[in-house]
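Colleague: sequence plus the predicted model coming up.
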Amino acid sequence: TAPGAAGSPATVPVTLTVFVPGIAVTPSFLEDTASFGETAPIFDTLTVGISGGGALTWTATKSRPWVSLSQTAGAAPPNAPVIVTLSPAGLAAGTYKDTVVFRSPQATNSPLKIPVELDVVRATLTVSPAAISDAVPPGDDQKRMHPLVITNGGGGAFAWTASDDAPWITLSATFGTGNDTITVTVDPNGQPAGTHTGHVTVTAPGANGSPVTVPVTLTIQAPCQVSTIQPDAQVNGSLTANDCGAPHRPGSHADLYTFDADNGDAFSIRMTAPSLNSYLILTDDAGNVLTQNDECPGESRTACIRNYTVPGAGTYTIEATTSGAGETGNYTLSIVHELPPSAPQSLGQFKKDGSALPIGGTTNENTVVFKGTVSDPNSSDSVRLEIEVEPLGSPFTGSSTHHSPYIAASRGNVAVSITAGPFDDAGYHWQARSCDKTNRCSAWLTYGGNAETAADFTVNTAAPPPPPAPAPPPQGVSQ
């Protein structure tokens, strides 16, 4: 102010700027990943500056030995880079954490903390399948191929190598990175019969579970050995992994048995086993399949070929094998030559009261009881008596007119009876035979040994009954 002076008073503006400086660091978080066993350091950059204007000085610290800083003090402005180095060498798999702390006496946000995290990850080697197995029938030289899956079940870098230790094994690839599938080829060509074992080894350095060894088994089945079995015999055998491949059941093992037969012979074959599912195949001498069976009706794990009549004289082969591929275990095999029953014995004709009706005799009853004994050489069979009764003058037709119930052949010679009728008044002749449930029968036997023009019995219901026997005289009375 200047009193009286022009322009008085004069005002001069005064500005005072008060800075509020703060530390500015970017980025605000550091996170990295390293593979287990990796030694190369990882570099990150933090940019340190100022916010809010003014100037400041700063310091930086860390606490973990696997973290290092390119500088630990500075001033801003200008912005300054701080190189943060993370060293994974020697660290086990896991997550590691530290904090870089920036401090400044001028900054209002001091201290400023920057989290640092390092994940050390480790690969896990997984190989499937755990084993490879193959079986080859004799004479089959075709190569077999099997996939082998190589997988990293963990994290981190994953490189692998694969090798084998047998000349009959080849690999489609022997090294790679990351998940992959290679082909394992087994070559049976030139290999002798028997079981051969090799290995495929997969190695992934630094990975959990490394190395993995996969056993490889190749079974060269021997040519089928053929044994002879006699009808009405039983044999005990076993199927093993070293047995030949079933000629007509791919993938199954088999034992072969041969037997000789005449034209029209019939056989029943049975295979039982406690631990495998039986399967029977019957072939002719040319190898043609004639019949086969997987399951006996009403039974389990038992195969049977019942009452099979061969088409002609020759040698036949039983293939004792399994329903499921690769099954092994013990078994019992039996073969029965199904024979016709024996001819009936002790033939006779009787009246209803059991009295004998003599050959050529006459009865005033219109029913007749026919009796005989029957038997069958196959004890598991059932047999019955069959008769054909024809009026005198009518020839026999070879078809039964009456029969008894079946009885078990295991009972031996068994007496049976047939009550037949009513018959018309006439003379009759008859014949008899034995038949089993497989419809095999003995030859017909004509009764009586008399001429077929003569009656074996005559029915005359008008004839009086035979006179009763005379009563005994009273005591003391003589005749």
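Modeller: Yes, it's here.

Colleague: please tell me how far residue 68 sits from residue 60.
Modeller: Distance, residue 68 to residue 60, using Cβ to Cβ, to the nearest Å: 11 Å. All C-beta atoms are positioned from the backbone trio N, CA, C, and that covers glycine.

Colleague: which of these two has more residues huddled nearby?
Modeller: Taking neighbours as other Cβ atoms under 10 Å, residue 68 and residue 60 compare with residue 60 leading, 24 against 14.

Colleague: SS state for the more buried one?
Modeller: With DSSP: H, G, I helix; E, B strand; the rest coil as the basis, residue 60 sits in strand.

Colleague: hang on, it packs against residue 71?
Modeller: Yes. The pair residue 60 / residue 71 is scored as a contact, 7.3 Å apart, by Cβ atoms under 8 Å.

Colleague: which neighbours do those two share?
Modeller: Common neighbours of residue 60 and residue 71 (criterion: Cβ atoms under 8 Å, 6 or more residues apart in numbering): residue 82.

Colleague: nearest residue to residue 173 other than its sequence neighbours?
Modeller: In this structure, residue 173 finds its nearest non-sequential neighbour in residue 182, 4.7 Å apart by Cβ to Cβ, 6 or more residues apart in numbering.

Colleague: alpha carbons only: can I get the strand or helix carrying that neighbour in PDB?
Modeller: Following DSSP states H and E, one finds residue 182 within strand 180-186. The C-alpha trace of strand 180-186 is given here as PDB (Å, rounded to 0.1, in the frame of the first residue of the first chain):
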ATOM      1  CA  ASP A 180       0.800 -89.500 -26.100                       C
ATOM      2  CA  THR A 181      -0.200 -93.000 -27.200                       C
ATOM      3  CA  ILE A 182       2.300 -95.300 -28.700                       C
ATOM      4  CA  THR A 183       1.900 -98.700 -30.300                       C
ATOM      5  CA  VAL A 184       3.500-101.800 -28.900                       C
ATOM      6  CA  THR A 185       3.800-104.500 -31.500                       C
ATOM      7  CA  VAL A 186       4.600-108.100 -30.600                       C
END
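
Colleague: renumber starting at 634 from here on
Modeller: Renumbered: residue one is now 634, and that last one reads strand 813-819.

Colleague: average pLDDT across that strand?
Modeller: Over the span of strand 813-819, the pLDDT mean works out to 97.

Colleague: kindly report the same for stretch 937-951.
Modeller: Mean predicted lDDT for stretch 937-951 stands at 94.

Colleague: which parts of that stretch are buried?
Modeller: 937, 938, 939, 940, 941, 943, 949, 950, 951 (16 or more other Cβ atoms under 10 Å).

Colleague: again, but for stretch 773-780
Modeller: residue 779.

Colleague: quick one: contacts of that stretch?
Modeller: Stretch 773-780 is contacted from outside by 762, 765, 767, 769, 814-822, 851, using Cβ under 8 Å, 6+ apart.

Colleague: how much space separates the residue nearest to residue 672 when sequence neighbours are not counted from residue 796?
Modeller: Of all residues not flanking residue 672 in the chain, residue 722 sits nearest, at 4.2 Å (Cβ to Cβ, 6+ apart). Applying Cβ to Cβ, the value for residue 722 to residue 796 is 29 Å.

Colleague: name the residue in those two with the higher neighbour count.
Modeller: In terms of neighbours (other Cβ under 10 Å), residue 796 is the more surrounded of residue 722 and residue 796; the figures are 14 against 11.

Colleague: give the buried residues for the host helix or strand of that one.
Modeller: If you go by DSSP H and E, residue 796 is part of strand 792-797. For strand 792-797, a neighbour-count test (16+ other Cβ under 10 Å) marks 793, 795, 797 as buried.

Colleague: helices and strands of the chain: which one bottoms out on pLDDT?
Modeller: Across the helices and strands of the chain, mean confidence by mean pLDDT, DSSP states H and E is lowest for strand 765-769: a mean of 88.

Colleague: pull the residues that contact that strand.
Modeller: Strand 765-769 is contacted by residues 775, 777, 779, 781, 817, 819, 821, 833, 847-854, 874, 878, 884, 959 when judged by Cβ under 8 Å, 6+ apart.

Colleague: okay, now the sheet partners of that strand, with direction.
Modeller: Paired strands of strand 765-769, with direction, are strand 845-853 (parallel) (DSSP bridges).

Colleague: where does the stretch 884-1033 of the chain dip in pLDDT?
Modeller: Under the criterion of pLDDT under 70, none of the stretch 884-1033 of the chain is flagged as low confidence.

Colleague: which stretches in it count as strands?
Modeller: 888-894, 899-905, 911-916, 922-926, 936-942, 947-955, 962-971, 978-983, 994-996, 1001-1007, 1015-1024 (DSSP state E, counting those that start in this stretch).
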